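Q: Return a 3D structure for these sequence lines:
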Amino acid sequence: MPETVFLSPQYDANVILLQGEGQHGEDSDQIPGENGMIYITGDTHGDFARFSAKRLRRAGMELTQEDYIIICGDFGLCWAKDKTFEYHCKNFAEKPYTILWVQGNHENYDMIGEYPLEEWHGGKVRHIIRDKVILLERGQVFEIEGKSFFAFGGASSHDIQGGILDHQTVDFAEQKRRADRAHLPYRILQESWWPQELPTEGELQEGLRNLERYHYEVDYVVTHCCGSSLQERLNAGTGRSCAADLLTDYLEILEQKLHYKHWYFGHYHRDCQPDERHTLVYYAILPLEQKESAAAGCGNYSVEEAKL
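A: Residues are numbered from 1 along each chain as shown. Below you'll find the model as predicted:
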């Protein structure tokens, strides 16, 4: 079994820049595209402090309008149409760079579905905030800065030991009381949980068709969860059980068929590199293609694990 390499944080707990002096610094040899830089980060769950200009500058990052940050699911922007949403939309609209993201399991899918599907860089997207925040739809292949990316968001929620409750059921209040008394986490249908967290058969098949067009060869894979066997390996010895499902099994099949340089994913709330071809991101903001140097010399560090 390959050893899991944990990434040690630099600067602060929320922003990690690994190697180099910054986005376009003299000592940085990380230029993934012709013009802009591409960074990868993990679940934000509506906490966007890591994207503040002050924190990015402390990490040596001066991002421009040519740069991208890709979030591996559970972005948390589309949760409720309230003043908080309006505030964050205004804030992201003023940032110079572009946020790209794939769906997680903690997203308001009904709200996301109100945004129209559009074509962008070879695949289907939803523009949440003009050209500043863009959702990369499931099963799509995108050409970004001369690199090809296969995106497939979604995952099963594992913080539902108290059940998925429905306001429409007659015993909703009693179910909620029982879960509260037992201190069991639960989710509420179409309030904090949506069945669209897992893909449809149509989305699974569309992903395969798009990969066939690329002869099952892309540069990067960006997902929220990972394949079933890697998920099992990540959870070994943690006391936490994340059962395989139709999506992790689908990604497991892709592991056998797909040729790629590197696979980035979130969901499991750790920053680590399980092996040479996979990077799990949570708090870290990683420059694309610098995962090897990032892992060098780091010790057994793990960040706080929150609800999945």
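Q: quick one: Ala284 from Cys78, how far?
A: Separation of Ala284 from Cys78 (Cβ to Cβ, to the nearest Å): 23 Å. Backbone N, C-alpha and C define where each C-beta goes, glycine included.
Q: try Pro199
A: Pro199 is 17 Å from Cys78, by Cβ to Cβ.
Q: Nearest residue to the spatially most central residue of the chain in space, ignoring adjacent ones along the chain?
A: Residue closest to the mean C-alpha point of the chain, counted by Cα atoms, centre = their mean, is Cys72 at 1.2 Å. Of all residues not flanking Cys72 in the chain, Gly266 sits nearest, at 3.4 Å (Cβ to Cβ, 6 or more residues apart in numbering).
Q: again, but for Leu286
A: Ile40 (4.8 Å).
Q: Please report how far the one you found lies from Thr279.
A: For Ile40 relative to Thr279 (Cβ to Cβ), the value is 7 Å.
Q: ok so, going back, more neighbours, Pro199 and Cys78?
A: Cys78 (25 against 20; other Cβ atoms under 10 Å).
Q: Who are the contact partners of that one?
A: 85, 107-108, 111-112, 128 (Cβ atoms under 8 Å, 6 or more residues apart in numbering).
Q: okay, how far is it across stretch 36-52, tip to tip?
A: Start and end residues of stretch 36-52 are separated by 19 Å (Cα to Cα, to the nearest Å).
Q: And stretch 65-78, by the same measure?
A: First-to-last residue span, stretch 65-78, Cα to Cα: 23 Å.
Q: I figured Phe85 hits Leu77, correct?
A: Yes - the pair Phe85 and Leu77 qualifies as a contact (Cβ atoms under 8 Å) at a distance of 7.1 Å.
Q: which of the two has more neighbours?
A: A count of neighbours by other Cβ under 10 Å puts Leu77 above the other of Phe85 and Leu77, at 23 against 16.
Q: Next, work out how far apart Phe92 and Asn105 are.
A: According to Cβ to Cβ, Phe92 stands 22 Å off from Asn105.
Q: out of these two, which sits in the more crowded spot?
A: Asn105 (27 against 19).
Q: So what does the more buried one look like in phi/psi?
A: With angles defined as degrees, to the nearest 10, Asn105 sits at phi -100, psi -10.
Q: likewise Ile69?
A: phi -120, psi 120.
Q: That one: what's its closest spatial neighbour, skipping adjacent residues?
A: Closest to Ile69 by Cβ to Cβ, 6+ apart is Tyr39, at 4.7 Å.
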